[in-house]
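1. pasting a predicted model and its sequence here:
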Amino acid sequence: MRTKKQILTKVQTEIKSNQPKRHVGILGGTFNPIHTGHLVIAEQVFQQLHLSKILFLPDKIPPHHGVSKHKPIDSNDRIEMVKLAIEDNMHFDLDLTDVNRGGVSYTYETVKILKECNPDTEYYFIIGGDMVRNLPEWAHIDDLMQMVHFVGVCRKGFEKSSQYPIIWVNTPELEISSSMIRKSIRTGKSIKYLVPKSVESYIEDKGLYQ
């Protein structure tokens, strides 16, 4: 099992050399809606790990959807909001692997497809520090650990420890969540600065989350 030091050394050596390997971060999620917190995390991981780019990968149907009472809005609207949110950042890209595949989105299946299509790329899957403790419950987690590097975003109240090799990254802590934004819209409160202006306008024009 690789240690954090070994992973970081490998990343820095390959990126700074002339090797053709690309190092790409993956930020997956329902993005219901995408918000400023997502963008800050993606930018910080990109900068701190010296990655080639960050892929924003929306779910078609999240694995936890069956136990959630909040049904995500149509994937087309969520995709459009991601496009608007990242359009001014040249190292952010949209990836529709999960949406195009259809059905429930599982990380193992997603990474498997990405690796098969891009064998020259090392992937870095970004998750919140609160999710790290649940990794033992993920489907095919041992296989995943051989296919992708996991990047844990440090969260207050959660220990930086795991039985798996995690690259830990500190980012500014913004208390923003998609559920908070949806609630604010339903109750007539402002979401200004919680989402990019373009996303705020899209939500208003489409009458989403009313």
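-> Cool, got the structure.

2. in a strand, residue 57, correct?
-> Yes. Applying DSSP: H, G, I helix; E, B strand; the rest coil, one finds residue 57 inside a strand.

3. now do stretch 171-189: everything it contacts.
-> Residues outside stretch 171-189 that contact it (CB atoms under 8 Å, 6 or more residues apart in numbering): 30-37, 40-41, 44-45, 70, 153-156, 190-191, 194-195, 203, 208-210. C-beta here means a position set from N, CA and C on the backbone, and glycine is covered the same way.

4. please flag which of those residues sit within helices.
-> 36-37, 40-41, 44-45, 203 (DSSP state H).

5. looking at the residues you listed, which is nearest residue 51?
-> Set against residue 51, the nearest of the ones in helices among the contacts of stretch 171-189 by CB to CB is residue 45 (7.0 Å).

6. what separates the closest one from residue 167, distance-wise?
-> From residue 45 across to residue 167, the span is 9 Å (CB to CB, to the nearest Å).

7. which neighbours do the two have in common?
-> With CB under 8 Å, 6+ apart, residue 45 and residue 167 have common neighbours 124, 151.

8. more neighbours: these two, which one.
-> Using other CB atoms under 10 Å as the criterion, residue 45 and residue 167 rank with residue 45 on top: 21 against 17.

9. so which bits of stretch 188-200 are buried?
-> For stretch 188-200, a neighbour-count test (16 or more other CB atoms under 10 Å) marks 191, 194-196, 199-200 as buried.

10. hang on, the earlier thing: buried members of the contacts of stretch 171-189 into ChimeraX, please.
-> The ChimeraX command for the buried members of these (criterion: 16+ other CB under 10 Å) is given here:
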select :30,31,32,33,34,35,36,37,40,41,44,45,153,191,194,195,203,208,209
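
11. please identify the helix or strand for the closest residue in space to residue 199 that isn't next to it in sequence.
-> Nearest residue to residue 199, sequence neighbours excluded (CB to CB, 6 or more residues apart in numbering): residue 81, at 4.9 Å. In this structure, residue 81 sits in helix 75-86 according to DSSP states H and E.

12. and that helix, how far out from the chain's middle?
-> Once both centres are worked out by CA atoms, centre = their mean, to the nearest Å, helix 75-86 turns out to sit 14 Å from its chain's centre.

13. most distant residue from the centre of this structure?
-> Within the chain, residue 188 marks the point farthest from the mean C-alpha position, 28.1 Å out by CA atoms, centre = their mean.

14. would you say residue 28 is within a strand?
-> Yes. Applying three-state DSSP, one finds residue 28 inside a strand.
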